[in-house]
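>>> Coordinates for the following, if possible.
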Amino acid sequence: MPTRVYLDWNATTPLRPEARAAMVAAYDLVGNPSSVHAEGREARRLVEEARATLAAAVGALPRNVIFTSAGTEANALALSPGLRRPSGAPVERLLVSAIEHASV
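Residues are numbered from 1 along each chain as shown. Down below sits the predicted model:
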């Protein structure tokens, strides 16, 4: 029988054990990272640590790493500046492929 290979990483991907462990630890935090109490500050510390780790992995500055809630929000954030010309006039045409996310 042929070996099955999972290639649909569009919506979900297999988790590495260390990623799973980090997620479980984060789920135990009850603080809102925008809050000023101790739990909120701990949650903010974890978010900023994740931001710095990701930035280092891709050679970016932490301030240039932006977390979004989902693909639609990320696409809107990434594409919005490209939908206007430097003059502020809207771009008349944007070419995308048939396999782009539905939000594009």
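
>>> who's in contact with the residue lying closest to A38 once chain neighbours are set aside?
Computed as Cβ to Cβ, 6 or more residues apart in numbering, the closest residue to A38 that is not its neighbour in sequence is G31, at 7.4 Å. Where C-beta positions appear, they are placed from N, C-alpha and C, glycine not excepted. Contacts for G31 (Cβ atoms under 8 Å, 6 or more residues apart in numbering) come out as 37-44.

>>> domain parsing for this structure?
What automatic domain parsing lists as the domains of the chain is 17-67, 69-104.

>>> wait, S103 sits on L77?
No - with contact defined as Cβ atoms under 8 Å, S103 does not reach L77; the gap is 10.9 Å.

>>> next one: the helix or strand of the chain with the lowest mean pLDDT to chain centre, how far?
Per-element confidence for the chain was summarised using mean pLDDT, DSSP states H and E. The lowest value among helices and strands belongs to helix 71-79, with a mean of 87. Its chain's C-alpha centre and that of helix 71-79 lie 10 Å apart, by Cα atoms, centre = their mean, to the nearest Å.

>>> How about residues contacting it?
Applying Cβ under 8 Å, 6+ apart, the external contacts of helix 71-79 come out as 66, 68, 94, 101, 103-104.

>>> would TSV of these with pLDDT, neighbour count and secondary structure be doable?
Compiled in TSV, those are given as follows (pLDDT from 0 to 100; neighbours: other Cβ atoms under 10 Å; DSSP: H, G, I helix; E, B strand; the rest coil):
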residue	pLDDT	neighbour count	secondary structure
I66	94	10	coil
T68	92	12	coil
L94	79	10	coil
H101	82	12	coil
S103	84	12	coil
V104	81	14	coil
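
>>> Thanks a lot, see you next time.
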